[in-house]
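Q: what's the 3D shape of this:
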Amino acid sequence: MKRLVNLFSLFIVFAALTAQQVGAADTKAGAADKPKAIPLSGKVLETMDGGGYTYVNLQNGQEKVWVAIPLTKVKVGQQLTLMPGFEMKNFTSKGLNRKFDKVIFSGGLANAEKIEMSPSAIKAVHQGVPGAPGGAPAAASKAAPAASAAKAPAPASKTKKVTKAKGPNAYTIAEIYAKSKKLEKKPVVVRGRVVRVSQKIMKRNWIHLADGTGSSAKKTDDLVITSQELPKEGDVVTVSGTLYNNLDFGAGYRYNVLVQDAKFKK
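A: From the prediction side, this is the model:
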């Protein structure tokens, strides 16, 4: 009996050592397979927007590289430092109708927190959806409510009519939808009531505005706005921002009209 116990003990020790060696081997293999994050910092040589991204041709050290980041105001000649990104080869942008030999996808502008993001997290930030392979961090996973907002407009039709803003570039929400193509990438001013707010999604706040104009059947009575500012639901505000058409954040979530980087005034 004692001999049997000793043999069983030896078996347990052997099994533990074997499992430890296999685990170490798996860790080394995983480290070898993990994509290398590419540091990104330099001068903007060219920039364009499409499909919900801003594409930047960046003088990254000795190399010129194309980088895709969430929609951001960028100017040629500007010095940028971006979050380290991950390369994708033979990438076709439907928004730009252009194929790139390679694009580096980054979470956007670097900040003081020095956030480190995995390839799946980068994907989640760009697509606006959680659940990418490997799991996205909480900050990226919060992208879903913004996308959901595109499919589930606030009950704007119940909003009483709000007096139109005055001055240049002022429009009602119905006029913005009617003239959206002419207003592409142009400043607009609109006055309305805040009917829904989703906070801190993809580093911005998403606000639904209604002014009593437009058609609920045609979905032209609810205007989605992004901003660093945070108005309260129910407030009547005057909004100024830049209008964009046909922004696609992936997973079937698409905004026909979106006002970006808005400022609010009561």
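
Q: shaky segments in this protein?
A: Residues of the chain meeting the criterion pLDDT under 70: 1-35, 111-159, 202, 249-253.

Q: so where do the strands sit in it?
A: Using DSSP state E, the strands of the chain run over 38-50, 53-60, 63-70, 79-93, 98-105, 170-171, 187-201, 204-210, 223-227, 236-248, 254-265.

Q: got the contact list for the closest residue to residue 54 other than its chain neighbours?
A: Nearest non-adjacent residue to residue 54, counting by CB to CB, 6 or more residues apart in numbering: residue 72, 4.8 Å away. Using the backbone N, CA and C atoms, a C-beta is placed for each residue, glycine as well. Going by CB atoms under 8 Å, 6 or more residues apart in numbering, residue 72 touches 54, 108, 109.

Q: most neighbours, which of those residues?
A: residue 108 (23 neighbours; other CB atoms under 10 Å).

Q: ok, back up a step: and the contacts of residue 72 as CSV, adding distance to residue 175?
A: Formatted as CSV, the contacts of residue 72 follow (distance: CB to CB, whole Å):
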residue, distance to residue 175
54, 27
108, 32
109, 33
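
Q: next one: the nearest residue to residue 50 once chain neighbours are set aside from residue 211, what distance?
A: Spatially, and ignoring its direct neighbours in sequence, residue 50 is nearest to residue 95 (3.2 Å; CB to CB, 6+ apart). Residue 95 sits 29 Å away from residue 211, going by CB to CB, to the nearest Å.

Q: between these two, which one's more packed in?
A: The neighbour count for residue 95 versus residue 211, taken as other CB under 10 Å, is higher for residue 211 (27 against 15).

Q: how close does that one sit to residue 50?
A: 29 Å.

Q: same question for residue 189.
A: Distance of residue 189 to residue 50, given as CB to CB: 25 Å.

Q: neighbour-wise, which of those two wins?
A: residue 189 (21 against 18).

Q: which residues does that one contact?
A: Contact analysis of residue 189 by CB under 8 Å, 6+ apart lists 165, 167, 168, 169, 170, 171, 238, 239, 240.

Q: tally of neighbours for the last one?
A: The burial count assigned to residue 240 is 18, neighbours taken as other CB under 10 Å.

Q: right, and it touches residue 187 too?
A: Yes: under the criterion of CB atoms under 8 Å, residue 240 makes contact with residue 187 at 6.5 Å.
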